[in-house]
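I'd like to go over a predicted model; first the sequence, then the structure.
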Amino acid sequence: MSATRTTNTETTRPTDPDILAIDLRTAVMRTSRRLRVEATGDAITPGQYTVLALLSGSGPRTLRDLAKSEHVQAPSMTRIVNALADQGFVTRSADPDDGRQVRVDITSAGRNVLAEARSQRTAWLAQRVAGLNEEDRLTLSRAARIMQEMSAK
């Protein structure tokens, strides 16, 4: 790295790409973790939320596809899907292309619980943003646009 971070803010170069990358990664990961934990609610776990979000966005998927998307082993995904099915949030059916595969789809109850969890996450984050001054909110607004553009490339 070309710059080192110290406790003395005058020697810190926050625009150095290496330092900024560390700061951004840390901030994004901490915020993501807090959103997952603080605002998931009692209805579903963070892992279940992610599966419902995947199904909501991409439609029915096989257990294998879900496990691959989430970088988990098939037995772990099976447990998540079984819990969601027991709650009526997903349905399982034979894959029409390969009857040996199980295809999972989100139900209307799953869409409802996902919408509620998203609403809770937004409310949690909005509460924290509301506590910032106008200048910091403008900075975050600009940063959000920049990060969306960066991740789209």
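Okay, I see it. Residues are numbered from 1 along each chain as shown.

Listing request: residues of the chain with sub-threshold pLDDT.
Low-confidence segments of the chain (pLDDT under 70): 1-13, 39-41.

switch to 50 and redo it
1-10 (pLDDT under 50).

need the strands for it, in chain order.
Assigned by DSSP state E, the chain shows strands spanning 61-62, 90-94, 102-106.

For the last one, which outside residues touch it?
Outside of strand 102-106, the residues that reach it under the criterion Cβ atoms under 8 Å, 6 or more residues apart in numbering are 51-52, 55-56, 59-63, 66, 81, 89-96, 114. In short, each C-beta sits where N, CA and C put it, glycine included.

repeat that with 7 Å
Applying Cβ atoms under 7 Å, 6 or more residues apart in numbering, the contact partners of strand 102-106 are 52, 55-56, 60-63, 66, 81, 89-95.

Any buried residues in that strand, and which?
Going by neighbour count (16 or more other Cβ atoms under 10 Å), the buried part of strand 102-106 is 102, 103, 104, 106.

Kind regards, and thank you for your time.
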